[in-house]
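In: build me a structure from this.
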Amino acid sequence: EVTLNGQDFSQSLQKFEYRPAPVIDSIWPNGGPTIGSTEVFVTGSHYHDEVQLGCSFDGVISEGTYIDNRTLSCHSPPHLPQLVSFRVVGDVFVGDASYQSDPIEFLYYNPPSIASTTPRMGSALGGMPVILTSTNLFNTT
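Out: Model prediction:
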């Protein structure tokens, strides 16, 4: 309740509930193509179904889907190829920037493209080496 003189208090019976900020333990995958639409699964803590959770990809908010109190998912928006800051944010439609996790990294990359394969066919039994000519491949291990 609110008071102006320390003696007389309002009678609104409005409630305020403190909740700790969301915490990220991990995200999977931790990167996606620049075209966006990658479904990202976030595990952590302090996820509440009654709070509209979302994900911030370099400041661009994507609406989250609550799975349980430790898991949610979001879809990445389009972005230029680079490493960006990723956060879980709460009350995404209220604009409460104070209810957010610490950042972790999400990598946007150009989608891989295969230009050619040599040979173009092989035995159904397998075992034949195949050479791929491609662009935008990188080691993720």
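In: contacts, neighbours, all on C-alpha from now
Out: Will do.
In: roughly how far is stretch 78-89 from the heart of the chain?
Out: 8 Å (Cα atoms, centre = their mean, to the nearest Å).
In: quick one: buried residues of that stretch?
Out: For stretch 78-89, the neighbour count (16 or more other Cα atoms under 10 Å) marks 78-79, 84, 86-89 as buried.
In: just stretch 103-122 next, same as before
Out: So, applying 16+ other Cα under 10 Å, buried residues of stretch 103-122: 103-104, 106-110.
In: mind checking which helix or strand the most centrally placed residue in the chain is in?
Out: Centroid-nearest residue in the chain: residue 55, 4.6 Å away (criterion: Cα atoms, centre = their mean). In this assignment (DSSP states H and E), residue 55 forms part of strand 54-57.
In: okay, now the sheet partners of that strand, with direction.
Out: Within its sheet, strand 54-57 is paired with strand 60-63 (antiparallel), strand 83-89 (antiparallel), according to DSSP bridges.
In: closest to residue 20 out of those?
Out: strand 83-89 (11.8 Å; Cα to Cα).
In: CA atoms only: put the helix or strand that that closest one is followed by into PDB for me.
Out: Next along the chain after strand 83-89, taking DSSP H and E as the criterion, comes strand 104-109. Extracted C-alpha coordinates of strand 104-109, given in PDB (Å, rounded to 0.1, in the frame of the first residue of the first chain):
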ATOM      1  CA  ILE A 104      25.200 -15.500 -23.600                       C
ATOM      2  CA  GLU A 105      26.300 -15.800 -27.300                       C
ATOM      3  CA  PHE A 106      24.300 -16.900 -30.300                       C
ATOM      4  CA  LEU A 107      26.100 -17.200 -33.700                       C
ATOM      5  CA  TYR A 108      24.400 -16.200 -36.900                       C
ATOM      6  CA  TYR A 109      26.000 -17.700 -40.000                       C
END
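In: sounds good, over and out.
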